[in-house]
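Trainee: turn this into a model:
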Amino acid sequence: QVQLIESGGGLVQAGGSLRLSCAASGLPFSRSAMAWFRQAPGKEREFVAAMNWDGSSTKYADSVKGRFTISRDNAKNTVYLQMNSLKPEDTADYYCATRGVPRIGLLSEYNYWGQGTQVTVSS
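Mentor: The predicted structure follows:
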């Protein structure tokens, strides 16, 4: 059974930083691409960042490029999202996701999800 558990969310002022973590179990983590998505109140879930199995390939939403960095520690079965220069529009629930295969692939195919962690950025 795949489990993804996010942590690290919270309240931060605009311009601040947060690091989200996602601990994974029940899947071959070191051979799985991982991704972060977010959903703001009243909006659809949107893609944020993704990384392939060994970290050699990454993908970012235009809205977070240069501010957010995805990384992973395969020894700890954990993926991270470092968020810098946060803006009020980054306020959302952030979700970790995977489809259990090595390449990033189609974002619509991500079918394992965590419960989410809330990020609130105050102005």
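Trainee: could you check how far the residue located most distally from the centre of the chain is from Lys87?
Mentor: Going by CA atoms, centre = their mean, the residue of the chain most distant from its centre is Ser123, 22.7 Å out. Look at Ser123 and Lys87: by CB to CB, to the nearest Å, they are 9 Å apart. No exception for glycine: its C-beta is placed from N, CA and C like everyone else's.
Trainee: find residues that contact each of those two.
Mentor: Shared contacts of Ser123 and Lys87 (CB atoms under 8 Å, 6 or more residues apart in numbering): Ala14.
Trainee: didn't the residue farthest from the centre of the chain look like it was pressed against Ala14?
Mentor: Yes. Between Ser123 and Ala14 there is a contact under CB atoms under 8 Å: 5.2 Å.
Trainee: overlap in contacts, the two.
Mentor: Here Ser123 and Ala14 have Pro88 as joint contacts, going by CB under 8 Å, 6+ apart.
Trainee: quick one on the thing from earlier: and the residue farthest from the centre of the chain, how far from Ser63?
Mentor: 17 Å.
Trainee: Gln82 against Phe68, yeah?
Mentor: Yes. Counting by CB under 8 Å, Gln82 touches Phe68, with 6.6 Å between them.
Trainee: so which of those two has more stuff around it?
Mentor: Ranked by neighbour count (other CB atoms under 10 Å), Gln82 and Phe68 place Phe68 first, with 21 against 15.
Trainee: I'd guessed the more buried one sits against Leu86; true?
Mentor: No. Between Phe68 and Leu86 there is no contact under CB under 8 Å: 9.2 Å.
Trainee: give me phi/psi at Ser30?
Mentor: Ser30 adopts backbone torsions of phi -70, psi -10, taken as degrees, to the nearest 10.
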